[in-house]
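Trainee: how would this look folded up:
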Amino acid sequence: MAVIDELLRSESNGNISFGNHELAAKAKLEDYEHSGDMYKVKTFHEMTKLEKNGLFLYESVPGTSVHDFCENENGISFTVEGSQDAQITIGAADDSEYEVIVAGESAGVMKTNLSGKLSISVELEGSGEVDVKIIKK
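Mentor: Now for the predicted structure:
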């Protein structure tokens, strides 16, 4: 897959793609409307961050490119691409349990904290891109 040159875009299937892990300097796009929600993305090689309606939704260190990001009542799924292994934090429901599946393998059931954040590590170095599914229990 390729990086997202426009920083944030709507896909024909209703999902979004965002981030560009190859940028040397910080770039951001604000007030992007998708399905009635407002998004803001900041991205470059050191970090990628996405907000929805002013609330935290995604952050990776180092930066990543995210394809087909889908968020619904059952959880979140996306494909992540990067040049290095990444620590990803997802904004989900407060005090809830999720099964985390990375590259087709279960990483187990994880519980969000009171702020609804869930952190996962994804091995990207050498693999290029990895599918991630976070399924609400």
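Trainee: can you read off the pLDDT for residue 1?
Mentor: pLDDT recorded at residue 1 is 66.
Trainee: tell me which residues of the helix or strand hosting residue 101 are tucked away?
Mentor: Per DSSP states H and E, residue 101 falls inside strand 97-102. By neighbour count on 16 or more other C-beta atoms under 10 Å, the buried set for strand 97-102 is 98, 100-102. C-beta: built from backbone N, CA, C; applies to glycine.
Trainee: I'd like those residues as CSV, with pLDDT and distance to residue 89 appended.
Mentor: Output for the buried residues of strand 97-102, formatted as CSV (pLDDT from 0 to 100; distance: C-beta to C-beta, whole Å):
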residue, pLDDT, distance to residue 89
98, 97, 13
100, 97, 12
101, 97, 17
102, 96, 14
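Trainee: closest one of these to residue 72?
Mentor: Nearest to residue 72, judged by C-beta to C-beta, of those is residue 98 at 13.0 Å.
Trainee: in which helix or strand does the residue most central in space within the chain reside?
Mentor: In the chain, the centroid-proximal residue (C-alpha atoms, centre = their mean) is residue 58; its distance is 4.7 Å. Element membership of residue 58 [criterion: DSSP H and E] is strand 55-61.
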